[in-house]
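Student: build me a structure from this.
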Amino acid sequence: MNEFLINHLLWFKAFHVIFMVAWFAGIFYLPRLFVNHAETASTEIAEQLKGMEKRLLYFITPFAILTVLFGSLLIYAYGSAWFVAAKWLHIKLTLVIVLLCYHGYCFKLLKVFESDNNTRSGKFYRIFNEIPVLALFAIIILAYVKPL
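Tutor: Numbering: from 1, shown residues only. Prediction:
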């Protein structure tokens, strides 16, 4: 490990967690907005929700990018031998890829709502909202307990 990376490892970890928390705060709230949007009959409320959804998704996207960036710095800092040996990390990275796909799919849902073409129920979005919750539990357990 180069000296710069060693000296800044804890900072990389701190920023990785900070940006992850900010990303998850938004990714937990956005589907709740979708629930409200799917269930409203009011055009005025629907228009307000469209603005809230768009602003939130664009606000949290840099947090997702920074989470990945600082996580990548950590992997690089620990080195390739550590990466190969850390089986728990491979599962974590798979879950992160799923979450990034989820995040990307939220952009599609945003377009669906913007064009008033949603056909899904509030119940669908309530279930959809559970995906990042389950992923977060698994990621935290993998990162701190390292069961593999």
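
Student: pLDDT score for residue 2?
Tutor: With respect to pLDDT, residue 2 scores 68.

Student: any idea where the helices of the protein begin and end?
Tutor: In the chain, the helices defined using DSSP state H lie at 3-39, 43-78, 80-85, 87-114, 122-128, 130-145.

Student: could you dump these to TSV with mean neighbour count?
Tutor: Where you see a C-beta, it was placed from the backbone N, CA and C, and this is true even at glycine. As requested, those are exported to TSV (neighbours: other C-beta atoms under 10 Å):
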stretch	mean neighbour count
helix 3-39	16
helix 43-78	16
helix 80-85	11
helix 87-114	15
helix 122-128	15
helix 130-145	15
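
Student: tell me the contacts of residue 56?
Tutor: By C-beta atoms under 8 Å, 6 or more residues apart in numbering, the contact set of residue 56 is 26, 29, 30, 33.

Student: want to throw those residues into a markdown table with distance to residue 20 and pLDDT?
Tutor: Shown next, in a markdown table, are the contacts of residue 56 (distance: C-beta to C-beta, whole Å; pLDDT from 0 to 100):
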| residue | distance to residue 20 | pLDDT |
| --- | --- | --- |
| 26 | 11 | 97 |
| 29 | 15 | 97 |
| 30 | 16 | 98 |
| 33 | 21 | 98 |
